[in-house]
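K.L.:
sequence first, then the predicted structure:
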Amino acid sequence: MSHDLVIRNGLIVDGSGNRAFLGDIAVDEELITQVGKVDSAGYREIDADGGVVTPGFIDLHTHLDAQIGWDPMLTPISWHGVTTALMGNCGVTFAPCKKADREFLAEMMENVEDIPREAILDGLPWDWETYGEYLDSIEKLRPAINVAGMVGHGATRFYVMGHRGIDENPTPNEIAEIAALAGASVRQGAVGFSTNRMPGHRLPDGRPIPGTFAEASEVEAICREVGAGNGLFQCVPHYTGEGDWVERDFRILGQGAKSGGTRILFSAVETNTFHKNDPHHVIEQLRAEGCRIYGVTVPRCGGFVSNLKTPILFPGWSALQEVDVNERLNAIQDVEFRTQLVDAAKNNPQAMGFASRCRWMGDGTRPIYTKAKDDTLASLADSMGEHPAETWLRLSLESGGKANFHQPFFNMDFTAVGELMERDWVVPGLGDAGAHVSMIMDSGWPSFYLSHWVRDTGQIQLEHAVHCMTQRAAEVLDLQDRGVLHVGKRADLNVINLDAVEERQPEVVTDFPHNKSRLIQRAQGYKNTVVNGQVILENDEFTGVRNGRILRSTD
């Protein structure tokens, strides 16, 4: 008997957290059929050569809802071992949607997640009204990896209440209607419901998006309906607010979890405000009471990327902002223009603050995210006897326009991040793939997690790291058929050279509809990625195979 695929001589890290072992894996059609010693040949064989064999990684926080329309490979996460992505986070989705409301939902997504409105409207078929019809539509696009989606509070509230849903809370009858629509969307295939409670997520007119200030009665009603369909409830808490906003949000979520038996997923980040309010004790208490609450966090500092082609430039550099991104390198070669930019920065009172928040990401192929807090562009410039604007321009010229500077605004304390990731309710992720495309690139987090925390520092064991990215993440989604390399499970897996795995430097490409640009980040060290039994990536390059599935709650 021959198998469709056999992976031999691998260090199998099966996702369960158990100790790794050397062995083989056989795959037939979409399933793992043998683990251990495989004697039969495979129609295709991969020699792992001692490399690490893992389940495919699961990314629980993406905004690929729009990008899936024109990039079925779902880059950049598919370069980093991710085989399943969860879309529809933060309360912003494109369904349910009445025909007249398409522009509103597109503009809401653009304003919250920095995805160009024109690309959204023209890059998707918009041939749906219900959430189930939306899933049917994106299924036809044949994504390369598996995709699950949540229905958003913004779209659901607007569908029921129209523009009243922005500023007003619903009546009891409208709460029932919103909750029923959320429940219906889960029965149609959504794996959950997402909401936003952070006022900074706003519409183009400056108002917070629908559902931001939803009262406990609305949250509980939705949780009961979503929980009845075994759905997930995802939330962005008000963690940037002063006072007890964070704790109040978690108590509301806890009540919802108890009333509906609903799993809760929230964005967990380390910021000064979040750390000061320290909601962890509330989470631990709720978990002790039986609530299934999970947090997702980036396993490194997250934030803005500043380079010649992003909008994150020195305050006062309007002259450079006005230059086409593809012409900026030529522009700064002019001595007079550089002098104009340096003078503008020197005369802007915010310029030094900008420089003190920026960190040069190095001149190597691997970006440096681990610099000390005081290792900033400002300190680098001071050591060189330059103004920070001069240093920024010089490094940009010396690199041929490829220099990157990182301006992190959360998870900057690596000690605190390490402690956060050790909690048994935390899953690594939160890379926001598909969102903030012009200024943020955190989607390479799986490669950083493996390279920094596992290989370089040894602070996290390989088995534990893989478990968090696979089986624990699968538990959040209640995926019974993925997340571990066991017989009978779906054949989503990676073959990785742990000695080589890492992120590449972010870069700007122009591949969105209407000639729009975005940041991407490639990876190194992925010998193979297999999705549903088919090899989609080999030696860090795509094979052209697109074998993903739309994962529905009804599966």
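P.N.:
Noted; the coordinates are in hand. Residues are numbered from 1 along each chain as shown.
K.L.:
the chain - how does it break down into domains?
P.N.:
57-301+410-477, 303-407 (automatic domain parsing).
K.L.:
could you dump those domains to JSON lines with mean neighbour count, distance to V38 and mean pLDDT?
P.N.:
Glycine gets a C-beta too; all of them are placed from N, C-alpha and C. Shown next, in JSON lines, are those (neighbours: other C-beta atoms under 10 Å; distance: least, C-beta to C-beta, whole Å; pLDDT from 0 to 100):
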{"stretch": "domain 57-301+410-477", "mean neighbour count": "22", "distance to V38": "21", "mean pLDDT": "93"}
{"stretch": "domain 303-407", "mean neighbour count": "17", "distance to V38": "35", "mean pLDDT": "97"}
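K.L.:
in JSON lines: these, plus distance to I496.
P.N.:
Output for those, formatted as JSON lines (distance: least, C-beta to C-beta, whole Å):
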{"stretch": "domain 57-301+410-477", "distance to I496": "7"}
{"stretch": "domain 303-407", "distance to I496": "16"}
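K.L.:
of these, which is nearest E507?
P.N.:
domain 303-407 (7.3 Å; C-beta to C-beta).
K.L.:
how far does that closest one stretch from start to finish?
P.N.:
6 Å (C-alpha to C-alpha, to the nearest Å).
K.L.:
may I ask which helix or strand encompasses D122?
P.N.:
Per DSSP states H and E, D122 falls inside helix 117-123.
K.L.:
what's the next secondary structure element after that helix?
P.N.:
helix 131-139.
K.L.:
quick one: the strands in the stretch 101-250 of the chain, in order.
P.N.:
146-152, 192-196, 232-236 (DSSP state E, counting those that start in this stretch).
K.L.:
other SSEs contacting the first one?
P.N.:
With contacts defined as 3 or more C-beta pairs under 8 Å, 6 or more residues apart in numbering; DSSP states H and E, strand 146-152 has these neighbours: strand 82-87, helix 131-139, helix 172-187, strand 192-196, strand 550-551.
K.L.:
can you add distance to A523 and give these back as JSON lines?
P.N.:
Formatted as JSON lines, these follow (distance: least, C-beta to C-beta, whole Å):
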{"stretch": "strand 82-87", "distance to A523": "10"}
{"stretch": "helix 131-139", "distance to A523": "25"}
{"stretch": "helix 172-187", "distance to A523": "34"}
{"stretch": "strand 192-196", "distance to A523": "27"}
{"stretch": "strand 550-551", "distance to A523": "23"}
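K.L.:
which stretch among the ones you listed comes nearest A500?
P.N.:
strand 82-87 (18.0 Å).
K.L.:
what angle separates that closest one from strand 192-196?
P.N.:
60 degrees (axes from the mean of the first three to the mean of the last three C-alpha atoms, to 10 degrees).
K.L.:
show residues contacting strand 82-87.
P.N.:
Applying C-beta atoms under 8 Å, 6 or more residues apart in numbering, the contact partners of strand 82-87 are 55-65, 68, 74, 77, 93, 145-150, 191, 433-434, 446, 477, 479, 482, 492-494, 529-531, 548, 551.
K.L.:
what is the orientation angle of that strand with strand 146-152?
P.N.:
10 degrees.
K.L.:
and the closest residue in space to M1 that isn't next to it in sequence, how close does it get to L11?
P.N.:
For M1, ignoring the flanking residues on the chain, the nearest one in space by C-beta to C-beta, 6 or more residues apart in numbering is S40 at 5.1 Å. Going from S40 to L11 by C-beta to C-beta, to the nearest Å gives 21 Å.
K.L.:
these two: who's more crowded?
P.N.:
Set S40 next to L11 and count neighbours by other C-beta atoms under 10 Å: L11 wins out with 18 against 12.
K.L.:
for S553, helix, strand, or coil?
P.N.:
coil (DSSP: H, G, I helix; E, B strand; the rest coil).
K.L.:
I figured it hits L232, correct?
P.N.:
No: S553 sits out of contact with L232 when judged by C-beta atoms under 8 Å, with a separation of 9.1 Å.
K.L.:
list residues touching both of those two?
P.N.:
Taking C-beta under 8 Å, 6+ apart as the criterion, S553 and L232 both touch V191, G192.
K.L.:
wait, doesn't R522 sit right on W79?
P.N.:
Yes: between R522 and W79 there is a contact at 5.3 Å, judged by C-beta under 8 Å.
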